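J.: For reference, the sequence and a predicted model appear below.
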Amino acid sequence: MWSPKSYAQYQPIPSLHIRDFLVEAGPEILLFVIPSVAIALFYVSLFIPWNQNRQLRRWLLQNRRAVRQLLILNFTLKRLRPKLPGCSSCTAGRFELWDHDRNLLVFRCMNCRRNITVSVFQFQEVRQILNNLPGLFIVLRQLSYKPFDALGRHLQALCVETEVFARRYLRR
Ligand SMILES: [Zn+2]
């Protein structure tokens, strides 16, 4: 089982700020228009020095569709977050992605454990997140297999936005 703490023991990934930019404010066009091959090549060339871990690069390129989906998922989740209502029970908690169904996402308040659901009919981001969940599952399957090698550490950093969801999945 991984956690941010265990991750913190490892070297930080270079250019994390560029990744943050890509994930947070990142140009939408980059994620939605450019095909996954280009995204993967761009991503790999940006974040992984050529002298570093061939296996890591190969996995990211082979699973470029999943990487692209995860980047879009992270980006969309960040856009959805501010639109979610605050927790009415404790007024302090932060909602984290908790579960999903065909047409809805469940978020849980990390303070009081209250759940809220949002559907595709409320926010267009919900559909986008659901459509891109398969990419997250591919990454999580790899993480459940080898969480702490170079690839695993890299993938953990990619899952920060969905950390609670990922931990639940990996516990199953
Ligand atoms: Zn709460």
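T.: In hand now; what should we look at?

J.: what about the strands in this structure?
T.: 95-100, 104-109, 115-119 (DSSP state E).

J.: Quick one: work out the angle between the first one and strand 115-119.
T.: Going by axes from the mean of the first three to the mean of the last three CA atoms, to 10 degrees, strand 95-100 is angled at 70 degrees with respect to strand 115-119.

J.: Now tell me what touches stretch 81-89 from outside.
T.: Contact with stretch 81-89 is made by Gly93, Phe95, Phe107, Cys109, Asn111, Cys112, Arg114, Ile116, Val118, Phe123, Glu125, as judged by CB atoms under 8 Å, 6 or more residues apart in numbering. All C-beta spots, glycine's among them, are computed from the backbone N, C-alpha and C.

J.: so which of the residues you listed are also by the ion?
T.: Gly93, Cys109, Asn111, Cys112, Arg114 (CB under 5 Å from the ion).

J.: Among these, which one lies nearest to Thr162?
T.: When the ones next to the ion among the contacts of stretch 81-89 are compared for distance to Thr162 (CB to CB), Cys109 wins out at 16.2 Å.

J.: Flag every residue of the protein that's near the ion.
T.: Within reach of the ion by CB under 5 Å from the ion, the chain has these residues: Cys87, Ser89, Cys90, Gly93, Cys109, Asn111, Cys112, Arg114.

J.: repeat that for 8 Å
T.: 87-93, 109-114 (CB under 8 Å from the ion).

J.: Give me the residue ranges of the chain where confidence is low.
T.: Along the chain, segments meeting pLDDT under 70 span 1-34, 45-52.

J.: Name the single longest helix found in it.
T.: As assigned by DSSP state H, the longest helix anywhere in the chain is helix 124-145.

J.: Give me the residues contacting that helix.
T.: 2, 59, 63, 65-70, 72-73, 76-77, 79-80, 83, 97, 100, 102-105, 118-120, 151-152, 155-156, 158-159, 162, 165-166, 169-170.

J.: List only buried entries from the contacts of stretch 81-89.
T.: Gly93, Phe95, Phe107, Cys109, Val118, Phe123, Glu125 (16 or more other CB atoms under 10 Å).

J.: Who are the contact partners of Leu155?
T.: Leu155 makes contact with Val139, Gln142, Leu143, according to CB under 8 Å, 6+ apart.
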